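All I have is the shape, not the residue letters:
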Ligand SMILES: Nc1ncnc2c1ncn2[C@@H]1O[C@H](COP(=O)(O)OP(=O)(O)OP(=O)(O)O)[C@@H](O)[C@H]1O
């Protein structure tokens, strides 16, 4: 089976004269969660913009479900859901209307919509907020709406940027439980975050970007090995600091 997401020797960024990403390659397979990590300015958001098709590769290619954006734009876009770091909501639509809009955009049937929306509202404790407008929601509640929208439509690939910021501990736990459930059902998740301890507990593999290049990639043990640590010993945090050259020797 094709990888859900394959980034192949991607060179890209905002101007071809000065690429931000250079020859970046990684993949996300069905049933795995991959953590995209790196310091501020390493190129994580730029990589995500390329994956979403908001930036076009200067060289290399990106495939979602085996197809590039140019080959199959509809399949490419419908194959993934993106959750941005900053909630983007329509100020004139209620929470329920946001969910319904997502369901329509992804062709979700009414019965499935009703069942899933209800389940999500319950587990994210948003039942009482379903008929509120975004201006009547707290920051964390707005973030919950974004997550609920992505979880409602059940694409095969999730691209999630800093999902935990703004969520209270209960929201973080609920979100992680949902992400793990989607993963068990065969979805792939690319999660970009600075919360290394959380990623370590939930991700199967990691891609560490530094200065727009893949500094190390693979399982925690692969990263430990690349960092000169023993397999089976030491945290992701420690491997990270050794690999980017900022930690104790
Ligand atoms: N719109 C833009 N135009 C030009 N350069 C940009 C733009 N956005 C980001 N950059 C540059 O691209 C590089 C990578 O930035 P990017 O936002 O991808 O980093 P990041 O890893 O997501 O960082 P953070 O952890 O701070 O979110 C930086 O040098 C940044 O200055």
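Right, received. Where do you want to start? None of the values given here were measured: they were computed from a predicted structure. Residues are numbered from 1 along each chain as shown.

Give me the residue at the spatial middle of the protein.
Nearest residue to the geometric centre of the chain (CA atoms, centre = their mean): residue 160, 2.2 Å.

Confirm it sits in a helix?
No - looking at residue 160 with DSSP: H, G, I helix; E, B strand; the rest coil, it is strand, so not inside a helix.

show me what contacts it?
Residues near residue 160 by CB atoms under 8 Å, 6 or more residues apart in numbering: 82, 83, 150, 179, 189, 190, 191, 192. (Glycine included, C-beta is placed from N, CA and C.)

Could you single out the nearest of the residues you listed to the ligand?
Using CB to the nearest ligand atom, residue 192 comes nearest to the ligand of these, at 7.1 Å.

Just grab the bridge partners of the closest one for me.
Beta-bridge partners recorded for residue 192 (DSSP bridges): residue 36, residue 161.

sorry, back to before: which one of the contacts of residue 160 sits in the busiest neighbourhood?
residue 190 (28 neighbours; other CB atoms under 10 Å).

got the residues of the protein near the ligand?
Residues of the chain found near the ligand (CB under 6 Å from any ligand atom) are 14, 20, 38, 40, 41, 42, 43, 44, 45, 46.

8 Å instead?
Residues of the chain found near the ligand (CB under 8 Å from any ligand atom) are 13-15, 20, 38-49, 85, 162, 192, 194, 209, 212.

Now, the residues you listed that are in helices?
Secondary structure assignment by DSSP state H places 44, 45, 46, 47, 48, 49 of these in helices.

Looking at those residues, state which has the most neighbours.
Within those, residue 47 tops the neighbour count with 29 neighbours, counted by other CB under 10 Å.

pretty sure that one is in contact with residue 24, am I right?
Yes - applying CB atoms under 8 Å as the test, residue 47 and residue 24 come out as touching, 6.3 Å apart.

can you list residues touching both of those two?
Common neighbours of residue 47 and residue 24 (CB under 8 Å, 6+ apart) are 7, 10, 209.

Would you enumerate the residues in contact with the first one?
Looking back up the chat, that one is residue 7. Residue 7 is in contact with 24, 25, 26, 27, 47, 50, 51, 60, 62, counting by CB under 8 Å, 6+ apart.

in what helix or strand does it lie?
strand 5-12 (DSSP states H and E).

buried stuff in that strand?
Neighbour counts over strand 5-12 (16 or more other CB atoms under 10 Å) mark 5, 6, 7, 8, 10, 11, 12 as buried.

for stretch 73-87, same thing?
Buried positions in stretch 73-87, judged by neighbour count with 16+ other CB under 10 Å: 76, 77, 78, 79, 80, 81, 82, 83, 84, 85, 87.
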